[in-house]
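1. Structure here, sequence nowhere to be found:
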DNA sequence: CCAAAAGTGTTTCCAATACACCCATGC
DNA sequence: GCATGGGTGTATTGGAAACACTTTTGG
């Protein structure tokens, strides 16, 4: 049902509502987060998550999608609400409440429009973050935890992998995010047993060694399953 | 660090920020939720979760605690953030964003000040809810799911149980919430193996049968563990 | 001694783990 | 033919699940 009443004009002190999104990608063997450099004001020189105020004509999810598209140039990717952050001192410029999201970008697409938009936009290694503004370090930490957990009981890895990939590449993604090595035979057995991936019929040929069979995710929608 | 700047006076259209809390208790063999009857306006006759606007001088968590205390008369109980809800049409009276919480009340305390405060405040069986205002049905559903999940991998049941209890009582709480029967011997073995509870040395004597040993939770702080 | 609920162990089964060698290709 | 990474199966173990009888009390 659509909201038919004219919204109330709020002329009293009230917290502002924003969204901030932790955008993950895996490449160069690292879990990366997309950050924007703040150029002036209270947090000059710090880095921050892409975010912005929520408008009157958009839901929280829509606001997060818009920010993703405007500031990071990505659309149609995996996006999920993380939590709301509303400590009094989270933003030194004034009272605000932020609804944090986390999003996943395929490693192959990590260059998409990021550098062109801002010069101050970069993928940073999660293990080695610069100084972050607001409470964004806390948000990234929570997002990282959530990502690691969900990897174990859902198929969200599809959000980080290209359409086609080898099982070795998939395993290496899991290892990068989880931070520990996995047994090759057990990994492949489990992945195949639960039908997480489907063989596409194609192979990738490399110089120097046996060609690898290519797979794609069986489901491209978020699905719960015991992956590991 | 304390917020030293004067907060910005927001004189533009902006979503209002509220909290709503799903307060659970288990008694009479049912999982119950505390609801408040709405007496007038758009949602006349509907029931709603206790909630209210977030003030400028309190964090989201503090706002939830205040509402809990003012509207439900309970303090110092288990409280955890659930998620933020911000669909455009969630409140027909105007644009709002609500940060939902879920809270746990010991069954023995379920009468605490509830009836006295409002006549329109009642514990309702989760399996048989009345018509709810706003998007509160969705919020209750999510909270229920979260409660069921957490029961399996944390000790939060302590928030629902009295100080001392028998293992049969604890099992019956699990069965009520999960909705299916559990094996007595396996349940007791697991509960004891992981050290979830500690024997207090006391027993409860009933007429008509063998006395039951009394236990209390080993930890009264939220702790992650494989309970079931 | 009877009714009522408390309390207690063992076996079975499945899923997670550990582990080592052969295969296909390019050079 | 050799170097490189791809691909496969089995034995072991540990935890989950199934399952029935004895104990203690009050009346």
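-> Done, it's in. Remember, predicted model here, so these are calculated numbers, not experimental data.

2. measure the nearest residue to residue A:86 once chain neighbours are set aside to residue B:17 for me?
-> With Cβ to Cβ, 6 or more residues apart in numbering or on different chains as the criterion, residue A:86 has its nearest non-adjacent residue at 3.5 Å, and that residue is residue B:60. The C-beta positions use only the backbone N, C-alpha and C, and glycine is treated the same way. For residue B:60, the distance to residue B:17 equals 8 Å [Cβ to Cβ, to the nearest Å].

3. hmm, back to that, can you report how many residues lie near the residue nearest to residue A:86?
-> 23 (other Cβ atoms under 10 Å in any protein chain shown).

4. Any figure for the gap between the residue nearest the centre of chain A and residue B:194?
-> When Cα atoms, centre = their mean is applied to chain A, the residue found nearest the centroid is residue A:103 (2.7 Å). Going from residue A:103 to residue B:194 by Cβ to Cβ gives 36 Å.

5. Likewise for residue A:198?
-> For residue A:198 relative to residue B:194 (Cβ to Cβ), the value is 39 Å.

6. For chain A, which residues score under the pLDDT cut-off?
-> Within chain A, the stretches with pLDDT under 70 are A:1-12, A:110-119.

7. Try it again at 50.
-> A:1-10 (pLDDT under 50).

8. near DNA strand C, which residues of it show up?
-> Counting by Cβ under 7 Å from any atom of the strand, chain A comes close to DNA strand C at A:183-186, A:189-190, A:205-211, A:226, A:228.

9. which of the residues you listed tops the neighbour count?
-> The most neighbours of any of the residues of chain A next to DNA strand C, using other Cβ under 10 Å, belong to residue A:190, which has 15 neighbours.

10. any idea which element that residue lies in?
-> Using DSSP states H and E, residue A:190 maps to helix A:184-193.

11. Check residue A:43 too.
-> Using DSSP H and E, residue A:43 falls outside every helix and strand.

12. Which residues does the longest helix that chain A contains contact?
-> If each helix of chain A is counted by residues according to DSSP state H, the longest one is helix A:136-153. Helix A:136-153 is contacted from outside by A:20, A:22, A:24, A:31, A:33, A:47-49, A:82-83, A:85, A:98, A:100, A:102, A:104, A:126, A:129, A:132, A:156-157, A:174, A:177-178, A:224-228, using Cβ atoms under 8 Å, 6 or more residues apart in numbering or on different chains.

13. are any of those residues buried, and which?
-> A:20, A:22, A:24, A:31, A:33, A:47-49, A:82-83, A:85, A:98, A:100, A:102, A:104, A:126, A:132, A:156-157, A:174, A:177, A:227 (16 or more other Cβ atoms under 10 Å in any protein chain shown).

14. Helix or strand: which one has residue A:79?
-> For residue A:79, the enclosing helix or strand under DSSP H and E is strand A:78-85.

15. related to what we said a few turns ago, wait, a strand at the residue nearest to the centre of chain A?
-> Yes. Assessed with DSSP: H, G, I helix; E, B strand; the rest coil, residue A:103 lies in a strand.

16. does it really touch residue A:75, like I thought?
-> No. Residue A:103 lies out of contact with residue A:75 (Cβ atoms under 8 Å); the separation is 10.6 Å.

17. For chain A, give the residue positioned nearest to DNA strand C.
-> Relative to DNA strand C, the nearest point of chain A is residue A:210 (3.2 Å; Cβ to the nearest atom of the strand).

18. quick one: whatever helix or strand that residue lives in to chain centroid distance?
-> Element membership for residue A:210 (DSSP H and E) is strand A:209-217. Distance of strand A:209-217 from the chain centroid (Cα atoms, centre = their mean, to the nearest Å) equals 26 Å.

19. cool, and stretch A:124-142?
-> Relative to the centre of its chain, stretch A:124-142 is centred 13 Å away, using Cα atoms, centre = their mean.

20. got the end-to-end distance for that stretch?
-> Terminal residues of stretch A:124-142 are spaced 16 Å apart (Cα to Cα, to the nearest Å).

21. Now the element after whichever strand in chain A runs longest, going C-ward?
-> Counting residues, the longest strand found in chain A (DSSP state E) is strand A:16-27. Downstream of strand A:16-27, the first helix or strand assigned by DSSP H and E is strand A:30-37.

22. Flag every buried residue along that following strand.
-> A:31-37.

23. Among those, which one lies nearest to residue A:13?
-> Closest approach between those and residue A:13, by Cβ to Cβ: residue A:36, at 28.1 Å.

24. which residue sits closest to the closest one, ignoring its sequence neighbours?
-> In space, residue A:36 is closest to residue A:121, 5.2 Å off (Cβ to Cβ, 6+ apart).

25. So that neighbour versus residue A:170, what's the distance?
-> 28 Å.

26. Around DNA strand D, which positions in chain A sit nearby?
-> Residues of chain A lying near DNA strand D (Cβ under 7 Å from any atom of the strand): A:166-168, A:184-186, A:188-189, A:203, A:206, A:208-213.

27. who's in contact with residue A:103?
-> Residues near residue A:103 by Cβ under 8 Å, 6+ apart: A:21-24, A:64, A:68, A:74, A:77-80, A:159.

28. repeat that for 6 Å
-> Neighbour list for residue A:103: A:21, A:23, A:77, A:79 [criterion: Cβ atoms under 6 Å, 6 or more residues apart in numbering or on different chains].

29. Check residue A:92 too.
-> residue A:42.

30. So it lies in a helix, does it not?
-> No. If the criterion is three-state DSSP, then residue A:92 is coil and not within a helix.

31. Backbone dihedrals for it, please?
-> Note on residue A:92: backbone dihedrals following degrees, to the nearest 10 are phi -70, psi -20.

32. Next: residue A:15.
-> Backbone torsions of residue A:15, given as degrees, to the nearest 10, read phi -60, psi 140.

33. For residue A:94, see how far away it is.
-> 9 Å.

34. more crowded one of these two?
-> A direct count of neighbours by other Cβ under 10 Å for residue A:15 and residue A:94 places residue A:15 higher, at 29 against 17.

35. residues in contact with residue A:163?
-> With Cβ under 6 Å, 6+ apart, residue A:163 has these contacts: residue A:216.

36. and it, that's in a strand?
-> No. In this structure, residue A:163 is coil, not part of a strand, as judged by three-state DSSP.

37. where's it relative to DNA strand D, distance?
-> Distance, residue A:163 to DNA strand D, using Cβ to the nearest atom of the strand, to the nearest Å: 17 Å.

38. Likewise for residue A:91?
-> For residue A:91, the distance to DNA strand D - Cβ to the nearest atom of the strand - is 44 Å.
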